[in-house]
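S.K.: quick check, what structure comes out for this input:
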Amino acid sequence: MSSLLHEVLVLLFRNRPDLAPELLRRVFSVDLPPFSEVQIASADLSEAVPREQRADLIVLLVDGKPVLAIILEIQLTRDPEKHTSWPGYLISARARYNCPAYLLVLCTDEAVARWCAKPIELGHPGFVLRPLVLGPNAVPIVTEPEQAAAMPELSVLSAIAHGKGEHGFAIAVAALAAARGLDVERATLYDDLVLFWLNEAARSKLEELMERERYEYQSDIVRRHVAQGRAEGRVEGRVEGRAEGRSEAKAQDILTVLEARGLPVSQELRKRILECTDLTKLDQWLRRAVVVADSNDLLHEH
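M.R.: Numbers count the residues shown, from 1 in each chain. Next up is the predicted model:
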């Protein structure tokens, strides 16, 4: 899931670079410089400093020349190394493009967002980096079709952030309507993303409106990750199944030993043995079953 989320969040900004300055303006009230063009720049910031550094995405506002660099970072978990690399990103971008640089960090978890927003002291007096962090609560709730149509990527981002909540259905309706005006590839992907992060009740309601018993994902990105998740689930299930089978067999061995020795086994003791899934504990009980004089002493530590 995390790899899918990271991939699609970067893709939303890559598909619509002006989403980055729009969020700076709308959420953080940043006074943007005049610009005539928004570009995607190389995310490799290694050239200006000795060590390799790569951001998730760099968006350049251009007015004949770069006037602002926006460094986008998707942060889904806490990573202490970012407190070292983020200042380097800004310094490198400032040196490369000779213009101011902003760091925009996008998080889908509020606890991670709070961690990312902590000031980073660089040592020099007054030199403190305070990342601009967009947590899920700060992502605009887009339910108006006109607003969604003007910026479909923002409506998809809204669905990812709020699709599980009470506004999920209204967000999805607006986002799916907005996707109708896009090319087939993007529309298919955005439909999948909206429905993937939608709560079950809203999803079922949408499927009824779409007259489908069950929506099947169409985009390669989502289908690949769903298939991977199912495969991982099958592997995990097989592993858990094998472990469960071993514990059941071990529990039966314990009961067989006790019964072979003529020791009565109460229903309560039988239940505890059969419900135990700890193979280490079952091994201990099996060794003890060979020597105990009373089955009630089986579970007692000596």
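S.K.: doesn't residue 293 lie inside a helix?
M.R.: No: under DSSP: H, G, I helix; E, B strand; the rest coil, residue 293 sits outside any helix and is assigned coil.
S.K.: run a quick neighbour tally on it.
M.R.: Residue 293: 8 surrounding residues under other Cβ atoms under 10 Å. Where C-beta positions appear, they are placed from N, C-alpha and C, glycine not excepted.
S.K.: what residues are up against it?
M.R.: Not one residue lies near residue 293 by Cβ atoms under 8 Å, 6 or more residues apart in numbering.
S.K.: so for stretch 89-99, what gets flagged as buried?
M.R.: Using 16 or more other Cβ atoms under 10 Å as the burial criterion, the residues of stretch 89-99 that qualify are 89-93, 96-97, 99.
S.K.: same check, this time on stretch 65-79
M.R.: 66-76.
S.K.: quick one: end-to-end length of stretch 12-32, please.
M.R.: One end of stretch 12-32 to the other measures 21 Å (Cα to Cα, to the nearest Å).
S.K.: which two from the buried residues of stretch 65-79 end up farthest apart in space?
M.R.: 67 and 76 (30.4 Å; Cβ to Cβ).
S.K.: hey, where'd the strands end up in the protein?
M.R.: With DSSP state E as the criterion, the chain has strands at 37-41, 57-62, 66-74, 101-106, 120-121, 128-129, 132-134.
S.K.: tell me the domain ranges of this protein?
M.R.: 2-138, 145-218, 222-297 (automatic domain parsing).
S.K.: for residue 43, what are its contacts?
M.R.: 54-58 are the contacts of residue 43 under Cβ under 8 Å, 6+ apart.
S.K.: ok, now residue 33?
M.R.: 61, 63, 67-68, 100.
S.K.: rerun at 10 Å
M.R.: 21, 61, 63, 67-68, 99-100 (Cβ atoms under 10 Å, 6 or more residues apart in numbering).
S.K.: equivalent analysis for residue 161, please.
M.R.: 106-108, 134-142, 171, 197.
S.K.: what distance do you get for it to residue 9?
M.R.: 10 Å (Cβ to Cβ, to the nearest Å).
S.K.: list the residues that contact both of these two?
M.R.: Joint contacts of residue 161 and residue 9 (Cβ under 10 Å, 6+ apart) are 106-108.
S.K.: could you dump the residues you listed into a markdown table with pLDDT and neighbour count added?
M.R.: Converted to a markdown table, these look like this (pLDDT from 0 to 100; neighbours: other Cβ atoms under 10 Å):
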| residue | pLDDT | neighbour count |
| --- | --- | --- |
| 106 | 97 | 30 |
| 107 | 95 | 26 |
| 108 | 91 | 21 |
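S.K.: which single one of those residues is nearest to residue 120?
M.R.: Closest to residue 120, out of all of these and judged by Cβ to Cβ, is residue 107, at 15.7 Å.
S.K.: got a list of what the nearest residue to that closest one once chain neighbours are set aside touches?
M.R.: Nearest residue to residue 107, sequence neighbours excluded (Cβ to Cβ, 6 or more residues apart in numbering): residue 113, at 4.0 Å. Taking Cβ under 10 Å, 6+ apart, we find residue 113 in contact with 75, 105-107, 131, 133-138.
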